[in-house]
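Undergrad: Take this sequence and fold it.
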Amino acid sequence: MTTEEMVNLGVRHLYAGQLDQAQSLCRRILQQQPDQPDALHLLGAIAHKRGDHKTAIELTEKAIAISPRRADFYVNLGLSLLAAGRNREAVAANRRAVELAPDLPQAHNNLGLALAADGKTEEAIECHRRAASIAPDFADASYNLGNAYMELGNLDQAIVEFRAAIALRPDWAIAHNNLGVTHRRLGEHALAVECYGRALAAAPEFAMAWANLGGAHLEQRDYEPAIAACRRALQLDPILPDAHNTLGLALCSLGQYPAAIASLKTALAMRPQSALAHNNLGNAYHWSGAWNQALDLYHRAIALKPDYAMPRWNVGLIHLIHADYEQGWPEYEWRSGILELQLLHPDARKPRWDGAGLHGRRILVYAEQGLGDTLQFVRYLPRIAQRGGKIVLSCQRELVELMRIQSNDIECVESTDPNPPRADVQIALPSLPGIFATRLETVPRDVPYLKADAEKARRWETRLDGGGGNSDGRRKIGLAWAGSRRHPHDPQRSMRLEQFAPLARIGARLISLQIGDAGAQLDSSAMEIENWTEELDDFSDTAALIQNLDLIITVDTAVAHLAGAMGKPVWVLINFVPDWRWLLDRTDSPWYPTMHLFRQEKAGDWTTPINRIIAALNSQ
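TA: Here you go, the predicted structure:
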């Protein structure tokens, strides 16, 4: 066998992963020809494959010294230099390869990789474009373009390039994975799940794809699949911090706090300087009711990253749940730095109102969080009017009709309106308690501050009485057992209809107020519950129905706020560690005088508060 044949066989062994056989052939050549450049170069490639980049660089440089005009030698030298973190030297080596072989696509592609590693992403894109133009079937160029565009935040173009790479190499697992990462960054979590699934079909032991799949499931609030995916990732690679982090977050959302804390502690140990890891572990302690540990971790996160909004907001939430409104409201304002909430701001160019007299100026007051938050904080609108403001309220579609009937002096528009109305200043609804320096003893408690449409209420009165005033005298009790799944802790605050079953024995008329997917639980329930929810198009309809009920029993959801704002008797089932507005260890609410709170005594136990509700009903 000639030297050339031996080198070619060695290359085939290298591509087949048979490194020992390839190395043996190189040694045989070099025993006879110590300066044979192809054998030295191939031996360097083998060392690179083994992760011995120092040796790879030495051998490849020796080959180049013998044959200084071999572009392929410089290409591989660049790869080893890049792997060793010597980015600028890698750029120089690949530039030399391009000079020697301007039509070699690998030279342009690898120059792009080196430039990207050196922080010159736009130059890298030009190189990968050149490689793709030379060799349109060169999948690596499209894949690397996708990564470069993702780095620049041009996610739409990144998707185009990853799809082009996949079209050329359909079973390329990492390309499917990175396409999934791009969709996930765009908030397209269902598409991300599909991409990770394809990556894992091609490479079932791709640990990072399993971890990413878990993250996408988490963002869809699909907690059990998230947990399963992360556990599989950690079976394959126990030191993946992202998998530990996602696993901890999913367990926390399901209320499995000891296990969540263990996972998040592991993630933090792997990234001890991560403010995010401190914040996430703090959240697990927060929702388990361990306030001091949570505060300590939030403060550590802030020390690591002083402008990090999330732990500052979380510190505010702990102050608020302990009724320390004086310290809580300023920290609560840090939520404006959280990306999800920033996206809801109608027009960042309008100045924020500071509470000063408005003297006839127009003020845009906008909903920022959930429906319940909007219903809770619209109580402050009359106070804005007292300061001379002409109010434009931007709120959720479901609340527009309800708000329009409250006052002719308030203009109301949908939050989704792409052209917010003209205004001189703006303020988020949840900022109003802080603007008005609300303390526990000064919470605006006058109810009702929301009213139902009189005509709609009369129609519901007729419907409920059978059309002829034929009420049977039984109490009419409205029920809502679940909130929005979009809430990160919905599994803790929501119930299942079957857990309300003891209410069926009290002799009252039970009327469903439950909208959304949880309403389907009525289909399989043996409880006798009247269901009119298909006729509830928005909260103006819900308010009209509530106006005709004697009592509302609900979990922590928008129905509780609506009933409380209307001054109706409302009993609310509260989970063990509640949202900040319900405070701790109280059966009443400073925000709603007609509300009574029935709290869990331990996490996950709804039996005790339900039994207390039954006892209270039987005593009336």
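Undergrad: When you work out contacts or count neighbours from here on, use the C-alpha atoms and nothing else.
TA: Will do.
Undergrad: How far does stretch 579-590 stretch from one end to the other?
TA: 14 Å (C-alpha to C-alpha, to the nearest Å).
Undergrad: Now it: average pLDDT?
TA: Average pLDDT, stretch 579-590: 96.
Undergrad: for the protein, what spans make up the strands?
TA: Using DSSP state E, the strands of the chain run over 362-366, 390-395, 411-414, 425-428, 476-480, 509-512, 529-531, 551-555, 570-574, 595-599.
Undergrad: can you list the domains in the protein?
TA: 3-217, 362-442, 455-618 (automatic domain parsing).
Undergrad: ok, for residue 220, nearest residue in space, not its chain neighbours?
TA: Spatial nearest neighbour of residue 220, excluding adjacent residues (C-alpha to C-alpha, 6 or more residues apart in numbering): residue 189 at 6.6 Å.
Undergrad: is it true that that neighbour touches residue 217?
TA: Yes. Assessed by C-alpha atoms under 8 Å, residue 189 is found in contact with residue 217 at 7.5 Å.
Undergrad: Find the residues that touch each one of these two.
TA: In terms of C-alpha atoms under 8 Å, 6 or more residues apart in numbering, residue 189 and residue 217 are not both contacted by any residue.
Undergrad: tell me which helix or strand of the protein sits lowest on mean pLDDT?
TA: Least confident element among the helices and strands of the chain, by mean pLDDT, DSSP states H and E: helix 339-342 (a mean of 61).
Undergrad: could you list every residue that touches the residue nearest the centre of the chain?
TA: Residue closest to the average C-alpha location in the chain (C-alpha atoms, centre = their mean): residue 219, at 4.9 Å. Contact analysis of residue 219 by C-alpha under 8 Å, 6+ apart lists residue 189.
Undergrad: Relative to residue 169, how far out is residue 133?
TA: 17 Å.
Undergrad: do residue 586 as well
TA: 62 Å.
Undergrad: Pick out whichever of the two has more residues nearby.
TA: residue 169 (15 against 12; other C-alpha atoms under 10 Å).
Undergrad: Find the residue closest to the more buried one in space, skipping its chain neighbours.
TA: In space, residue 169 is closest to residue 139, 6.7 Å off (C-alpha to C-alpha, 6+ apart).
Undergrad: burial count for that neighbour?
TA: Residue 139: 22 neighbours (other C-alpha under 10 Å).
Undergrad: Got the confidence number for it?
TA: pLDDT, residue 139: 96.
Undergrad: again, but for residue 177
TA: pLDDT, residue 177: 98.
Undergrad: wait, doesn't it sit right on residue 196?
TA: Yes. In this structure residue 177 lies within contact range of residue 196 using C-alpha under 8 Å: 5.3 Å.
Undergrad: can you list residues touching both of those two?
TA: Contacts common to residue 177 and residue 196, judged by C-alpha under 8 Å, 6+ apart, are 209, 212.
Undergrad: what sits against residue 329?
TA: 316, 320, 431, 433, 434.
Undergrad: Including distance to residue 452, neighbour count and pLDDT, could those residues go into JSON lines?
TA: Shown next, in JSON lines, are those (distance: C-alpha to C-alpha, whole Å; neighbours: other C-alpha atoms under 10 Å; pLDDT from 0 to 100):
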{"residue": "316", "distance to residue 452": "34", "neighbour count": "25", "pLDDT": "97"}
{"residue": "320", "distance to residue 452": "31", "neighbour count": "23", "pLDDT": "97"}
{"residue": "431", "distance to residue 452": "26", "neighbour count": "21", "pLDDT": "96"}
{"residue": "433", "distance to residue 452": "25", "neighbour count": "18", "pLDDT": "98"}
{"residue": "434", "distance to residue 452": "28", "neighbour count": "20", "pLDDT": "97"}
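Undergrad: residue ranges for the helices of the stretch 401-550 of the chain, please.
TA: Taking DSSP state H, counting those that start in this stretch as the test, the helices found in the stretch 401-550 of the chain are 432-435, 454-464, 490-493, 539-546.
Undergrad: Kindly report which one of those carries the lowest mean pLDDT.
TA: Taking the mean pLDDT of the helices of the stretch 401-550 of the chain, helix 490-493 comes last: a mean of 89.
Undergrad: could you say what helices and strands that one packs with?
TA: For helix 490-493, the packing partners by 3 or more C-alpha pairs under 8 Å, 6 or more residues apart in numbering; DSSP states H and E come out as helix 241-253.
Undergrad: who does the helix it packs on touch, helix- and strand-wise?
TA: With contacts defined as 3+ C-alpha pairs under 8 Å, 6+ apart, helix 241-253 has these neighbours: helix 207-219, helix 223-236, helix 257-270, helix 275-287, helix 490-493.
Undergrad: rerun at 7 Å
TA: Contacts defined by 3 or more C-alpha pairs under 7 Å, 6 or more residues apart in numbering; DSSP states H and E place helix 241-253 against helix 207-219, helix 223-236, helix 257-270.
Undergrad: And the shortest one, how far out from the chain middle?
TA: I take that to be helix 207-219. 12 Å (C-alpha atoms, centre = their mean, to the nearest Å).
Undergrad: Convert that helix to CSV, retaining C-alpha atoms only.
TA: Only the C-alpha atoms of helix 207-219 are listed here, as CSV (Å, rounded to 0.1, in the frame of the first residue of the first chain):
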residue,chain,number,x,y,z
ALA,A,207,-29.4,15.1,26.5
MET,A,208,-29.7,18.8,25.8
ALA,A,209,-32.6,18.3,23.4
TRP,A,210,-34.4,16.5,26.3
ALA,A,211,-33.7,19.4,28.6
ASN,A,212,-34.9,21.9,26.0
LEU,A,213,-38.0,19.8,25.5
GLY,A,214,-38.6,20.0,29.2
GLY,A,215,-38.3,23.8,29.1
ALA,A,216,-40.8,24.1,26.2
HIS,A,217,-43.3,22.0,28.1
LEU,A,218,-42.8,24.1,31.2
GLU,A,219,-43.6,27.3,29.3
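Undergrad: picking that back up, give the contact list for the residue nearest to residue 220.
TA: Neighbour list for residue 189: 183, 216, 220 [criterion: C-alpha atoms under 7 Å, 6 or more residues apart in numbering].
Undergrad: Hmm, residue 439 is touching residue 323, no?
TA: No. Shown here, residue 439 and residue 323 do not form a contact pair, counting by C-alpha atoms under 7 Å, at 8.1 Å.
Undergrad: shaky segments in the stretch 51-200 of the chain?
TA: Along the stretch 51-200 of the chain, segments meeting pLDDT under 70 are nowhere present.
Undergrad: would you list every one of the helices in it?
TA: Going by DSSP H, counting those that start in this stretch, the stretch 51-200 of the chain shows helices at 53-66, 71-83, 87-100, 105-117, 121-134, 139-152, 155-168, 173-185, 189-202.
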